[in-house]
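S.K.: Can you look at this prediction? I've put the sequence above it.
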Amino acid sequence: MEEAVIQCPCGRKIKDPHEYKLIYLRKGAMEIDILCPNDACYLKELGYIKFEINNDQIKFKKAEFYPPFVTWNSSRIGFEKTREILKEHLKTLIKEVIDWDKIRNQAKEK
């Protein structure tokens, strides 16, 4: 059995959620894209985080990784382990990695 580490189909292992690249391009959609840390990755976008802003308060709506990324990891380390690790990755991205004050300020500028 392979080591229980998340891996992009491009081969890049992602041991820590801080390794993902996050891009806030779709300001109108209030969506942050989760990208593979490998600049040469053919998949690039691995998931997204949606939110909304009401009365200057950010409210989280939805976060998920896309099926190809999830399926790849499920076939390698099993569905339950993949679900558990990716859930923790999303929690860490939302609670620790994203600078929500910066996002709020950028949203005001749009």
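M.R.: Noted; the coordinates are in hand.
S.K.: Do a quick rundown of the helices in this protein.
M.R.: With helices called from DSSP state H, the chain shows them at 67-77, 79-92, 100-109.
S.K.: right, so of those helices, which gets closest to residue 14?
M.R.: helix 79-92 (7.6 Å; CB to CB). C-beta: built from backbone N, CA, C; applies to glycine.
S.K.: So for the chain, the centremost residue is which one?
M.R.: Centroid-nearest residue in the chain, with CA atoms, centre = their mean: residue 34, separated by 3.8 Å.
S.K.: buried residues in the helix or strand of the chain with the lowest mean pLDDT?
M.R.: Across the helices and strands of the chain, mean pLDDT, DSSP states H and E gives its lowest value to helix 100-109, namely a mean of 85. By 16 or more other CB atoms under 10 Å, the buried positions in helix 100-109 come out as 103, 107.
S.K.: What lies in contact with that helix?
M.R.: For helix 100-109, the surrounding residues in contact (CB atoms under 8 Å, 6 or more residues apart in numbering) are 24, 27, 30, 32, 51, 53, 56, 58.
S.K.: CA atoms of it as CSV?
M.R.: Extracted in CSV, the C-alpha atoms of helix 100-109 (Å, rounded to 0.1, in the frame of the first residue of the first chain):
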residue,chain,number,x,y,z
TRP,A,100,-9.5,36.6,4.5
ASP,A,101,-8.8,40.3,5.3
LYS,A,102,-6.9,40.6,2.0
ILE,A,103,-9.8,38.9,0.2
ARG,A,104,-12.3,41.2,1.7
ASN,A,105,-10.3,44.2,0.6
GLN,A,106,-9.9,42.9,-2.9
ALA,A,107,-13.6,42.2,-3.1
LYS,A,108,-14.4,45.8,-2.2
GLU,A,109,-12.1,47.0,-5.1
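S.K.: All set, thanks.
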